[in-house]
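>>> Let's see this in three dimensions:
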Amino acid sequence: MSTWGLYWIVVESAPIENCLVVAKNSRSAACYEESNSGFNRYDAVAERIIEIPKELIEIIKKENNDILNWPNYVREDDLVCKYFAINFNWVNGIETIFFKDKKFTIGSFEETYINKEPELVHSVADYLVKLEEYKNTDNIYRGQNNCMWELKPKIFRDNFILKNKFNKLKEYEVWLLEQFKRKAFPYIKRIPENDWEWLSLSQHYGLATRLLDWSTNPLVALFFATYQSLCENDAIVVIYNHGESPFKLSDYASPFDTSDRLIYEPSFIDDRIRSQHAIFTIEPENSQDVKDSLNRNIHSILISVDSIKNIRTELSILGYNEYTMFPSLSTVCSELNN
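Sure, this is the predicted structure:
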């Protein structure tokens, strides 16, 4: 009797469709991809990677009311990937899957459909040249050191869990900010004048809020794309051409009552806000990945994982480093120690 196994599917004519599938044999795995993606018979080739153990089968049955929905694709957040510690990374423009000592790649759109290598930035000079393609005075910029991350405020991310005593996210947001106000007083130089200023201050020190950090300076965004990177994934700078003027605070008494995405330009109430040329989008509740909802107004620049350390060095020479982005005595010492 055949046992369930994890298969790597390769479609030579369209490598962007390479994938992982759970099936009972190689032909069943290949047929699953062929039928679901509209390929002809034998367009896909399947290689068995590992057998699915009984223990994992029982775990999945327990999670799914005794149902095994197989054959099926295996995604990054599946129990199969978690069980086998399979990692999905983005390396030099190519989605790459790591399992034990094996590496599997999924072709890029450029490589598959226009026979072109993915465009990547390898230096600050490359980045400045690339920026010219998207030049616009309404642009704001955000750097993320993992290009696979969603563009979503911390409080709306899937892994953020509400405290048990709160049933609604808004109630929790208000409570968080009130707690921040109460505990932050000994550490701040200037007292914020309203909840908008309190929220922008707390955001810059790591509190989970509905604000999303951007900068009006593209080199600041590049700094954050490379800062503290583990160099496992390509980094990304996202460019948002918002085409709007920042709203007037008088129009919105509370940051928790907005139903639309807004541009918020904060007062320079803190050195970090000033040094990072900060500007925010405030996202409505139940906000989706910003990249998906903005479509044509969003562009992105991929930073090669192999070049991140070099770009960090170049940025530091240009004055974009931990000392200038997070001005304080502790960062002075950190900069001197390094």
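>>> Spit out the contact partners of residue 104.
For residue 104, the residues meeting the contact criterion (C-beta atoms under 8 Å, 6 or more residues apart in numbering) are 8, 18, 20, 96, 97. Any C-beta I mention is one placed from the backbone N, CA and C, and that applies to glycine too.
>>> tell me the SS of the spatially most central residue of the chain?
Centroid-nearest residue in the chain: residue 149, 1.6 Å away (criterion: C-alpha atoms, centre = their mean). The three-state label for residue 149, taken from DSSP: H, G, I helix; E, B strand; the rest coil, comes out as coil.
>>> Could you measure from it over to residue 100?
With distances defined as C-beta to C-beta, to the nearest Å, the gap from residue 149 to residue 100 amounts to 25 Å.
>>> How about residue 65?
Note on residue 65: its distance to residue 100, by C-beta to C-beta, is 31 Å.
>>> Return the set of buried residues in the longest helix along the chain.
Ranked by number of residues, the top helix in the chain under DSSP state H is helix 169-184. Using 16 or more other C-beta atoms under 10 Å as the burial criterion, the residues of helix 169-184 that qualify are 169, 172, 173, 174, 176, 177, 180, 181, 184.
>>> Which strands or helices does it pack on?
Counting by 3 or more C-beta pairs under 8 Å, 6 or more residues apart in numbering; DSSP states H and E, the packing neighbours recorded for helix 169-184 are helix 195-204.
>>> Can you name the element that comes right after the helix it packs on?
Using DSSP states H and E, the helix or strand that follows helix 195-204 in sequence is strand 211-215.
>>> Can you tell me what sits against the helix or strand just after that next one?
Once strand 211-215 ends, the next helix or strand along the chain (criterion: DSSP H and E) is helix 218-226. Under the criterion C-beta under 8 Å, 6+ apart, residues 124, 127, 131, 139, 141-145, 213-215, 235-239, 276-277, 303, 308-309, 311-312, 315, 318, 320-321, 325 lie in contact with helix 218-226.
>>> Just want the angle from helix 218-226 to strand 211-215.
Helix 218-226 runs at 120 degrees relative to strand 211-215, counting by axes from the mean of the first three to the mean of the last three C-alpha atoms, to 10 degrees.
>>> For helix 218-226, what is the distance to the chain centroid?
Taking C-alpha atoms, centre = their mean, to the nearest Å, the mean C-alpha location of helix 218-226 is offset from the chain mean by 14 Å.
>>> Same question for stretch 136-145.
14 Å.
>>> Any idea how far apart the tips of it sit?
With C-alpha to C-alpha, to the nearest Å applied, stretch 136-145 spans 24 Å between its terminal residues.
>>> One more: stretch 5-18?
Across stretch 5-18, the straight-line distance between its terminal residues is 17 Å, by C-alpha to C-alpha.
>>> Would you mind listing the buried residues in it?
Judged by neighbour count using 16+ other C-beta under 10 Å, the buried positions of stretch 5-18 are 5, 6, 7, 8, 9, 10, 11, 16, 17, 18.
>>> circling back: so which of the contacts of helix 218-226 sit within strands?
Assigned to strands by DSSP state E, the following of those qualify: 139, 141-144, 213-215, 235-239, 303.
>>> Low-confidence bits of the stretch 151-300 of the chain, can you list those?
Low-confidence segments of the stretch 151-300 of the chain, defined by pLDDT under 70: 158-165, 244-251, 286-296.
>>> circling back to that earlier point, which of the buried residues of helix 169-184 lies closest to residue 285?
residue 169 (6.1 Å; C-beta to C-beta).
>>> This structure: helices as residue ranges?
The residue ranges that make up the helices of the chain, judged by DSSP H, are 26-37, 54-63, 79-84, 109-113, 124-131, 169-184, 195-204, 218-226, 271-275, 290-294, 308-317, 322-325, 329-337.
>>> how is this protein carved up into domains?
Under the assignment named as automatic domain parsing, the residue ranges that make up the domains of the chain are 5-113, 124-337.
>>> Pick the one among the buried residues of stretch 5-18 closest to residue 38.
Taking C-beta to C-beta as the measure, residue 38 lies nearest residue 17 of the buried residues of stretch 5-18, at 9.6 Å.
>>> related to what we said a few turns ago, and the contacts of helix 218-226, which of them are buried?
124, 127, 131, 139, 141-145, 213-215, 235-239, 276-277, 303, 308, 311-312, 315, 320-321, 325.
>>> how near is residue 261 to residue 282?
In terms of C-beta to C-beta, residue 261 sits 7 Å off from residue 282.
>>> Comparing the two, which residue is more hemmed in?
Ranked by neighbour count (other C-beta atoms under 10 Å), residue 261 and residue 282 place residue 282 first, with 24 against 17.
>>> Verify the stated contact: the more buried one with residue 254.
No - taking C-beta atoms under 8 Å as the contact criterion, residue 282 and residue 254 are not neighbours in contact, 10.8 Å apart.
>>> For the residue nearest to the centre of the chain, give me phi and psi.
Listed backbone geometry of residue 149 is phi -70, psi 150, with angles given as degrees, to the nearest 10.
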